[in-house]
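Trainee: below is the structure, and that's it, no one-letter string:
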Ligand SMILES: *Cc1c(COP(=O)(O)O)cnc(C)c1O
């Protein structure tokens, strides 16, 4: 059997089993069962020939932790398995993952299409900082797939959306978007941070690359920045001449063609051997370890996150002082049908609402909360509250804030794992005591 047939024949374990075991085995020298933290920069070569073949990418192995590290490698295999991908590359943060994903695809002067409803930091990274590489983004409202078709151009190298968008419970129609990407011969990149692979697996719907801020639900305790790019292994990088970085000779490796040489591991090999080598945005081994621990309880945590969030959203929707709630778990949401299709186990734990009285009343609610922490993060075991317009989405124009669902009266919640009644009581007193 060749390795491919072997993989197809292997029994596929359930999600919860892979959450705990994928990529890891007892440490062979000591028998340590949990993955050790390899707090280590470099790895001894067997001899000169071994060193040369590692540097030529002819042998896989560890050279230097900017490129690969044994603890980080376990997390990479674990997340790839949970996403049903072929391989993955972990890096320092979610933003580093986005840079790494585009770095393999884009040449100066190229463009890509992105949803106008994204995490505010991503809108700024794409719209402002990527400009310095002469990478051009076109933000469109992806709710109507025709907008995406209309924005396509010959220099367009990817379509980027969030499966479940931060902050407002917007769900992207992944299947429709993947069909457009396929017709155009470009990859669909999906940021699956808010959904996690427990709630949504974008590759099943045709996504080619999946990116994560592992900072959020995957690590789950608010301890560790991190990011990950998962490659489905399904994209044919040689179907056109759009991706010379992956499917043309690479001068830095004596003319090596990544796609010819590594096939469905081309993107992941490139992301380590070129991306991490030259961008340097490596994930720290300690952060990988914390995130491995987070993955082990992902399904259990997401179930409770979603249940608490749905019930808090229902409470707010019925509250007389609340003007509106935007949460895809609620039947009143315009994204409820898409949520049932793409997120059947739950619509995540992050959503927005507005109180009557607008900005002033909203900031009071944020300040009055006692259990909810006022801070700029999501996906923590703790419940979190934030006013996006003055924080995460502050760098945007007011028009962009409105389009992203982060207007002046919007309050974002990330519902944690505390006792539901305590969360509801805290919000109730915060709203009722202006
Ligand atoms: C937080 C976040 C990011 C950025 O991740 P960092 O780890 O903070 O760099 C990207 N996308 C989404 C949806 C996020 O919530």
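Mentor: Cool, got the structure. Keep in mind that what you see is a predicted model, and the values were worked out from it rather than measured.
Trainee: how is the protein partitioned into domains?
Mentor: 3-295, 300-432 (automatic domain parsing).
Trainee: how about those domains in CSV, adding mean pLDDT and mean neighbour count?
Mentor: No exception for glycine: its C-beta is placed from N, CA and C like everyone else's. Converted to CSV, those look like this (pLDDT from 0 to 100; neighbours: other Cβ atoms under 10 Å):
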stretch, mean pLDDT, mean neighbour count
domain 3-295, 95, 20
domain 300-432, 93, 19
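Trainee: and of these, who's closest to the ligand?
Mentor: Proximity to the ligand (Cβ to the nearest ligand atom) singles out domain 3-295 among the domains of the chain, at 2.2 Å.
Trainee: the closest one: how far from the chain's middle?
Mentor: Centre-to-centre, domain 3-295 and its host chain are 9 Å apart (Cα atoms, centre = their mean, to the nearest Å).
Trainee: strands of this protein, start to end?
Mentor: 87-91, 111-115, 136-140, 156-162, 164-165, 170-171, 188-191, 209-213, 227-231, 322-326, 350-355, 373-374, 384-386, 411-414 (DSSP state E).
Trainee: return the residues of the protein in contact with the ligand.
Mentor: Neighbours of the ligand within the chain, by Cβ under 6 Å from any ligand atom: 93-95, 119, 121-122, 162, 166, 191, 193-194, 213, 215-216, 225, 227, 378.
Trainee: what sits closest to residue 317 if chain neighbours are left out?
Mentor: Once flanking residues are discounted, residue 317 sits nearest to residue 325: 4.6 Å by Cβ to Cβ, 6 or more residues apart in numbering.
Trainee: who touches the one you found in this structure?
Mentor: 313, 316-317, 332, 351-353 (Cβ atoms under 8 Å, 6 or more residues apart in numbering).
Trainee: equivalent analysis for residue 178, please.
Mentor: By Cβ under 8 Å, 6+ apart, residue 178 lies in contact with 188, 205-208.
Trainee: if we use 7 Å, what do you get?
Mentor: 188, 205-207 (Cβ atoms under 7 Å, 6 or more residues apart in numbering).
Trainee: same check on residue 240?
Mentor: By Cβ under 7 Å, 6+ apart, the residues touching residue 240 are residue 185.
Trainee: so how far is residue 167 from it?
Mentor: 36 Å (Cβ to Cβ, to the nearest Å).
Trainee: one more: residue 373?
Mentor: 16 Å.
Trainee: same deal with residue 113?
Mentor: 21 Å.
Trainee: cool, residue 283 as well?
Mentor: Plainly put, residue 283 is 25 Å away from residue 167 if you go by Cβ to Cβ.
Trainee: residue 410 too?
Mentor: According to Cβ to Cβ, residue 410 stands 7 Å off from residue 167.
Trainee: now for these two: what residues contact both?
Mentor: With Cβ under 7 Å, 6+ apart as the test, residue 410 and residue 167 both reach 352, 388.
Trainee: ok, residues contacting the longest helix anywhere in the chain?
Mentor: Identified as the longest helix of the chain according to DSSP state H is helix 298-317. By Cβ under 7 Å, 6+ apart, the residues outside helix 298-317 that reach it are 15-16, 19, 196, 198-199, 217-218, 220, 322, 325, 327, 329-330, 332, 346-349, 351, 353, 413, 415, 417, 420, 423-424, 427.
Trainee: cool, and stretch 23-30?
Mentor: For stretch 23-30, contacts defined as Cβ under 7 Å, 6+ apart pick out 32-33, 35-36, 74, 77-78, 81.
Trainee: now the residues you listed in CSV, with distance to residue 174?
Mentor: Putting the contacts of stretch 23-30 into CSV (distance: Cβ to Cβ, whole Å) gives the following:
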residue, distance to residue 174
32, 39
33, 37
35, 32
36, 37
74, 28
77, 24
78, 23
81, 20
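Trainee: filter the residues you listed down to the ones in helices?
Mentor: Judged by DSSP H, the subset of the contacts of stretch 23-30 located in helices is 74, 77-78, 81.
Trainee: pick the one among these closest to residue 104.
Mentor: Using Cβ to Cβ, residue 77 is the member of the ones in helices among the contacts of stretch 23-30 that sits closest to residue 104, with 19.7 Å.
Trainee: surely the closest one and residue 22 touch.
Mentor: Yes. Between residue 77 and residue 22 there is a contact at 5.9 Å, judged by Cβ atoms under 7 Å.
Trainee: so who does residue 51 touch?
Mentor: The contact partners of residue 51, by Cβ under 7 Å, 6+ apart, come to residue 45.
Trainee: can you check residue 386 too?
Mentor: Counting by Cβ under 7 Å, 6+ apart, residue 386 has contacts 374-376, 392, 412.
Trainee: how about the contacts of residue 178, which pair is most distant?
Mentor: Taking Cβ to Cβ as the measure, those span a maximum distance of 8.8 Å, between 188 and 205.
Trainee: can you give me the end-to-end span of stretch 77-96?
Mentor: Stretch 77-96 has an end-to-end distance of 18 Å (criterion: Cα to Cα, to the nearest Å).
Trainee: and what of stretch 124-137?
Mentor: Termini of stretch 124-137 sit 11 Å apart (Cα to Cα).
Trainee: what does it contact?
Mentor: Contacts of stretch 124-137 (Cβ under 7 Å, 6+ apart): 95, 98, 102, 106, 108-112, 114, 395.
Trainee: can you put those in CSV and add distance to residue 56?
Mentor: Output for those, formatted as CSV (distance: Cβ to Cβ, whole Å):
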residue, distance to residue 56
95, 31
98, 29
102, 27
106, 26
108, 28
109, 31
110, 29
111, 34
112, 32
114, 36
395, 43
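Trainee: what is the nearest of those to residue 294?
Mentor: Closest to residue 294, out of all of these and judged by Cβ to Cβ, is residue 95, at 19.0 Å.
Trainee: helices of the stretch 101-250 of the chain, start to end?
Mentor: Under the criterion DSSP state H, counting those that start in this stretch, the stretch 101-250 of the chain contains helices at 120-124, 145-151, 174-184, 196-199, 244-247.
Trainee: what packs against the last one?
Mentor: Contact partners of helix 244-247 among helices and strands, from 3 or more Cβ pairs under 7 Å, 6 or more residues apart in numbering; DSSP states H and E: helix 258-262, helix 266-270.
Trainee: at 6 Å what do you get?
Mentor: helix 258-262 (3 or more Cβ pairs under 6 Å, 6 or more residues apart in numbering; DSSP states H and E).
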